[in-house]
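**Student:** following is a predicted model, sequence given first.
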Amino acid sequence: MKVVLQNLTKIFPSRNKKSGEEVVAVNDFTFEIPDGKLIGLLGPSGCGKSTTLYMISGLQKPTGGKIFFGDDDVTELSPENRGIGLVFQNYALYPHMTVKQNILFPLQNLKGADKLPKDVMLERAYEAARLVQIDELMDRKPSELSGGQQQRVAIARALVKMPRVLLLDEPLSNLDARLRLQTREEIRRIQKETGITTIFVTHDQEEAMSISDMIVVMKLGVLQQIGKPQDVYDDPANLFVAKFLGTPPINVFSGEVKGGKLYLGEQAVLDVAGVDDRKVTVGIRPEGFVPDANGPMICDLSNVEIMGRDVSVVSKHAASLNPQIRSIVDADCRISVGDATVRFTLKPHKVFLFDTETEERIRF
Amino acid sequence: MVDSKKSWKAWLYLSPAIVLLLIFTAWPIFNTIRMSLLEGYNAMSAVSGVKFNFGFKNFVDVINYGDFLTYLWNTILLCFLTVPLSTLLALIIAVCLNAIKPFQRLLQTIFFLPYVTNSIAIGMVFAAMFNMVGNNFGDPNELVITAGIINNVIEFFGGERINWINVGSSYAANMFVMTVYIVWNALPFKILVLLGGLQSVNKQYYEAAKVDGTSRLRTFTRITVPLLSPMITYVVITGFIGGFKEYSSIVGIFGAKMGPTGDPDRLNTMVGYIYKSLSLQPGRASAAALILFAIIFVVTLLNLYISKKNTHY
């Protein structure tokens, strides 16, 4: 089921009546989520990603704009009539019911023509449980399950009604690091197997990048960029997106373009034909540095961290806006810690220029 | 653990509490047990040096006392009428209160007022509502000044007035008045506890139920009640304990004679019996107190057992 958001806006009235300041949680969102894909809503806390998810679920009413599932306008529909499955951040499993009762619960709510016979309900519950691999745990209480198992139960409960759209609010935030890795692959697998359009919210860019078909990057209620993870990473629309994606994060410098060359301080580090002379903010991905004895960029070497597969070089540069520059280079490049400086050439497609005021991308 | 060398300090800090507990809790309990086992005990003879026989005669006397079973029956009947009724009503009111946002605080305060008002005073107001003033009522040439608000309302709707609490009133009418009064009196505390419980229930359970398309009734029976079950258990147990100690509410309606005029002691309870025999037969009063304690103990255990079977987390 394709999901379309049209000029979606959510304004929360101010809590403090005197100041009267409203909070625009979601500001004029318009985008389309293609059918059967896994989409990550990504942004720092307070960017409106959860609000967007709750508006899609119907638990929150938008202040303006419309939501479509396929061609149906669902903006005015209540959650139970939208055909969604929602997994809450803390799972919200009913603590007094067993796993089986929890999964059966949405089915037992069906009324009238949709009412199912008992054996069909049970079969569907077991089917959902098998899909998330918890059919062994059907008679346990939620309190007797680990965090990861509770998560699976919550997903099974959301899937058992065969929703048109599956929504997950911060699905991995309550899990430990190892389980997180495992669970995100699990979510990917379940989404692939069911083919249900799935939207999940996360503040962890790695999580979003690793499993999503598409990511939607937001900041302070405003849509920043939408696209395939690799495309967004390789071609960020602005400085915020460039900074938000990638570990280690992008290195940011203040630079200047003069005569088609990019200067960091006094060093002309890259040819940037086609850009007018101006001051710019420069972002260079850690993997954009290539150690080169004759390279144009000269940095003061601080430290070299061996990671086996590759090497992380920590250095300093006068034009850098971060206290340190972190670059990831091939382990074959022998850089000795004793050296005072390290020289790099830059990979042009790993270097992004941004306007110093608007922080919008300047393409070259 | 506290270092043994320093433990005297701990005892020192605890001593005010311990001394008070010994004087006002431990000694009275011990003394009650002692008095209940001394045959024909009374304070005057004790002072003058009379030695009492040791035995269970007081208990036998209490159980063989003509009206004791009536008192016990009154107590149990009041408990089983008022506790379920007040709990159910409190639950419904608490859920309704929790659902409305405007004036919630104000309504909460109004519902809580009976709790901070003297129960004898309220009892007198209730008595006035049910009381008939005049004479010869029941007689064809009756002279009635007022039949009480409740009877006025009944007559307004075309019903016949009922003799609730006056001379010649029926036991059922008396019990009805007592039930209404005790339930009304018990509501505030129960509402307070259940409302507190409701407000601490995670709202996401309700959001989850909403997404799942749960009807309101089903949300109440399958989610609210089970999640509130610890509070309900608490309210029922304290309700039973309070119910078995029912006394002042009857004084409030019927006065110290514990029944309508002409039939004193008809509504007397266990605690009423204890007070009645306290001055002249303290041994019997002590025995009755211990019997009451045993009953409450068993009922509470039973409550806990049942609630454990029905509370799941």
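**Tutor:** Yep, that arrived. Numbers count the residues shown, from 1 in each chain, chains lettered A, B, ... in the order given.
**Student:** burial count for the closest residue to chain A within chain B?
**Tutor:** In chain B, the residue that lies nearest chain A is B:Gly213 (3.2 Å; CB to the nearest CB). Backbone N, C-alpha and C define where each C-beta goes, glycine included. If you count neighbours by other CB atoms under 10 Å in any protein chain shown, B:Gly213 ends up with 18.
**Student:** ok, B:Ala94 next?
**Tutor:** Neighbours around B:Ala94, by other CB under 10 Å: 27.
**Student:** what of A:Leu301?
**Tutor:** 18.
**Student:** I'd say it and A:Thr341 touch.
**Tutor:** Yes: the criterion here is CB atoms under 8 Å, and A:Leu301 meets it with A:Thr341 at 5.9 Å.
**Student:** what's the overlap in contacts for those two?
**Tutor:** Overlap between the contact sets of A:Leu301 and A:Thr341, as judged by CB atoms under 8 Å, 6 or more residues apart in numbering or on different chains, is nil.
**Student:** look at A:Phe31 and report its pLDDT.
**Tutor:** pLDDT, A:Phe31: 88.
**Student:** and B:Asp139, by the same measure?
**Tutor:** Reported pLDDT for B:Asp139: 56.
**Student:** where in the stretch 151-300 of chain A is pLDDT low?
**Tutor:** Applying pLDDT under 70 to the stretch 151-300 of chain A flags no residue at all.
**Student:** find the closest residue to chain B in chain A.
**Tutor:** Closest point on chain A to chain B, by CB to the nearest CB, is A:Glu80, at 3.2 Å.
**Student:** please report the distance of that residue from A:Pro106.
**Tutor:** In this view, A:Glu80 and A:Pro106 are 9 Å apart by CB to CB, to the nearest Å.
**Student:** neighbour count: these two, which is higher?
**Tutor:** Neighbours were counted for A:Glu80 and for A:Pro106 using other CB under 10 Å; A:Pro106 has more, 26 against 19.
**Student:** what about stretch B:49-64, distance to the chain center?
**Tutor:** In terms of CA atoms, centre = their mean, to the nearest Å, the gap separating the centre of stretch B:49-64 from the centre of its chain is 29 Å.
**Student:** what does that stretch rub up against?
**Tutor:** So stretch B:49-64 is in contact with B:36-41, B:45-46, B:68, B:281, B:283-284, B:286-288, B:290-291, going by CB under 8 Å, 6+ apart.
**Student:** elements contacting the one helix or strand A:Ile298 maps to?
**Tutor:** Per DSSP states H and E, A:Ile298 falls inside strand A:297-306. When contacts are defined as 3 or more CB pairs under 8 Å, 6 or more residues apart in numbering or on different chains; DSSP states H and E, strand A:297-306 sits against strand A:267-271, strand A:310-316, strand A:341-346.
**Student:** between those strands, which gets nearest to A:Met209?
**Tutor:** strand A:310-316 (18.6 Å; CB to CB).
**Student:** can you pull the buried residues of the next helix or strand after that closest one?
**Tutor:** Sequence-wise, the next helix or strand downstream of strand A:310-316 (DSSP H and E) is strand A:325-330. For strand A:325-330, the neighbour count (16 or more other CB atoms under 10 Å in any protein chain shown) marks A:325-329 as buried.
**Student:** those into TSV, with extra columns for pLDDT and distance to chain B?
**Tutor:** Shown next, in TSV, are the buried residues of strand A:325-330 (pLDDT from 0 to 100; distance: CB to the nearest CB, whole Å):
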residue	pLDDT	distance to chain B
A:Ile325	91	44
A:Arg326	92	40
A:Ser327	92	44
A:Ile328	91	41
A:Val329	89	47
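**Student:** does stretch A:82-93 reach chain B?
**Tutor:** Yes: counting by CB under 8 Å from any CB of the partner chain, contacts between stretch A:82-93 and chain B involve A:84-86, A:88, A:90, A:92.
**Student:** report the two of the residues you listed separated the most.
**Tutor:** Longest span within the residues of stretch A:82-93 next to chain B, CB to CB: A:Ile84 and A:Asn90, 18.3 Å.
**Student:** of these two, who's got more company?
**Tutor:** Legend: neighbour count by other CB under 10 Å for A:Ile84 and A:Asn90, higher for A:Ile84 (27 against 14).
**Student:** who's in contact with the more buried one?
**Tutor:** Applying CB under 8 Å, 6+ apart, the residues near A:Ile84 are A:56-58, A:163-167, B:211.
**Student:** filter those down to just the buried residues.
**Tutor:** For those, buried by 16+ other CB under 10 Å: A:56-58, A:163-167, B:211.
**Student:** switch the helices and strands packed on strand A:297-306 over to JSON lines; also include mean neighbour count and distance to B:Leu113.
**Tutor:** Shown next, in JSON lines, are the helices and strands packed on strand A:297-306 (neighbours: other CB atoms under 10 Å in any protein chain shown; distance: least, CB to CB, whole Å):
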{"stretch": "strand A:267-271", "mean neighbour count": "19", "distance to B:Leu113": "79"}
{"stretch": "strand A:310-316", "mean neighbour count": "18", "distance to B:Leu113": "70"}
{"stretch": "strand A:341-346", "mean neighbour count": "19", "distance to B:Leu113": "77"}
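**Student:** between A:Glu80 and A:Pro106, which contacts overlap?
**Tutor:** B:212-213.
**Student:** excluding chain neighbours, what is closest to the residue of chain A closest to chain B?
**Tutor:** Using CB to CB, 6 or more residues apart in numbering or on different chains and skipping the chain neighbours, the partner closest in space to A:Glu80 is B:Gly213 (3.2 Å).
**Student:** isn't that neighbour right up against A:Arg82?
**Tutor:** No: assessed by CB under 8 Å, B:Gly213 is found out of contact with A:Arg82, at 10.0 Å.
**Student:** go through the residues of stretch A:82-93 next to chain B and flag which are in strands.
**Tutor:** A:84-86 (DSSP state E).
**Student:** now render the buried ones among the contacts of A:Ile84 as JSON lines, adding distance to A:Lys49 and secondary structure.
**Tutor:** Putting the buried ones among the contacts of A:Ile84 into JSON lines (distance: CB to CB, whole Å; DSSP: H, G, I helix; E, B strand; the rest coil) gives the following:
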{"residue": "A:Ile56", "distance to A:Lys49": "11", "secondary structure": "helix"}
{"residue": "A:Ser57", "distance to A:Lys49": "13", "secondary structure": "helix"}
{"residue": "A:Gly58", "distance to A:Lys49": "17", "secondary structure": "coil"}
{"residue": "A:Pro163", "distance to A:Lys49": "20", "secondary structure": "coil"}
{"residue": "A:Arg164", "distance to A:Lys49": "21", "secondary structure": "coil"}
{"residue": "A:Val165", "distance to A:Lys49": "16", "secondary structure": "strand"}
{"residue": "A:Leu166", "distance to A:Lys49": "16", "secondary structure": "strand"}
{"residue": "A:Leu167", "distance to A:Lys49": "11", "secondary structure": "strand"}
{"residue": "B:Val211", "distance to A:Lys49": "18", "secondary structure": "helix"}
